[in-house]
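Trainee: can't give you the sequence, but here's the structure:
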């Protein structure tokens, strides 16, 4: 990874390549966002742990990454797009998805485009490292770490259902992730309000 590129790290599976290992519990929490037959975008998907899960649930998945080798195992399973989304143009102009998923990836110039890629009624599930991570490990550079509330602000045009911003894995004697981390995550959607109708966005 060069100095100008965003860091992509899977803290839950540090020994393997990005996108390997078990799916994120944050994504698994939002099963209502993974309806069969709907479209999904897995951005910076790496080896495709989430793309595989979403495809297995019957979603029409588009997987985007710059690493052709990582994408190779996804061919035939979903739509595969090889693109450098930091140095090149956005590879999906005008397209929107019922679910946009980003995990352990941050490139700030793309935040507005990512949010704009959420279709009406669709979900954004986003999770990545936050400020404070530099005190315990990688990534440690400020440009790769979300500032307090930054992801929430990026979603100001969406309906935020859940947001977390803190440290996980710090309970002595308790359960927690294998690799403690500072993390920020959001579940939001592009709501289509109807007068007098209140959608039930399940929190459990």
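Mentor: Received, thanks. All values derive from a computational prediction rather than experimental measurement.
Trainee: Report how many residues lie close to the spatially closest residue to residue 58 that is not a sequence neighbour.
Mentor: Counting by Cβ to Cβ, 6 or more residues apart in numbering, residue 36 is the residue found nearest to residue 58 once chain neighbours are left out, at 3.0 Å. Every residue, glycine included, has its C-beta placed from N, CA and C. Residue 36 has 10 neighbours, counted by other Cβ atoms under 10 Å.
Trainee: does residue 36 sit in a helix or strand, and which one?
Mentor: Here residue 36, judged by DSSP states H and E, is contained in no helix and no strand.
Trainee: Residue 66: what's it in contact with?
Mentor: Listed by Cβ atoms under 8 Å, 6 or more residues apart in numbering, the contact set of residue 66 reads 82, 83, 84, 85, 86.
Trainee: ranking those residues by neighbours, who comes first?
Mentor: residue 85 leads these on contacts (other Cβ under 10 Å) with 22 neighbours.
Trainee: I'd guess it is in a strand, am I close?
Mentor: No: judged by DSSP: H, G, I helix; E, B strand; the rest coil, residue 85 forms no part of a strand; its state is coil.
Trainee: residues contacting it?
Mentor: Applying Cβ under 8 Å, 6+ apart, we find residue 85 in contact with 43, 44, 64, 66, 91, 107, 110.
Trainee: Please identify which of the residues you listed is nearest to residue 161.
Mentor: residue 43 (19.6 Å; Cβ to Cβ).
Trainee: Please tell me how far the closest one sits from residue 198.
Mentor: From residue 43 across to residue 198, the span is 30 Å (Cβ to Cβ, to the nearest Å).
Trainee: So which of these two has more stuff around it?
Mentor: Higher neighbour count among residue 43 and residue 198: residue 43, with 24 against 7, using other Cβ under 10 Å.
Trainee: And the pLDDT for that one?
Mentor: Residue 43 is assigned a predicted lDDT (pLDDT) of 98.
Trainee: in this structure, what spans have low per-residue confidence?
Mentor: 1-20, 170-178, 195-197 (pLDDT under 70).
Trainee: can you give me the helices in it?
Mentor: For the chain, the helices defined by DSSP state H cover 25-29, 49-56, 68-71, 111-116, 150-154.
Trainee: show me the contacts for the residue nearest to residue 58.
Mentor: For residue 36, the contacting residues are 57, 58, 59, by Cβ under 8 Å, 6+ apart.
Trainee: One more: residue 61?
Mentor: 39, 40, 41, 42, 51, 54, 55, 77, 78, 79.
Trainee: List the ones among these that fall in strands.
Mentor: Taking DSSP state E, the ones among the contacts of residue 61 that sit in strands are 39, 40, 41, 42, 79.
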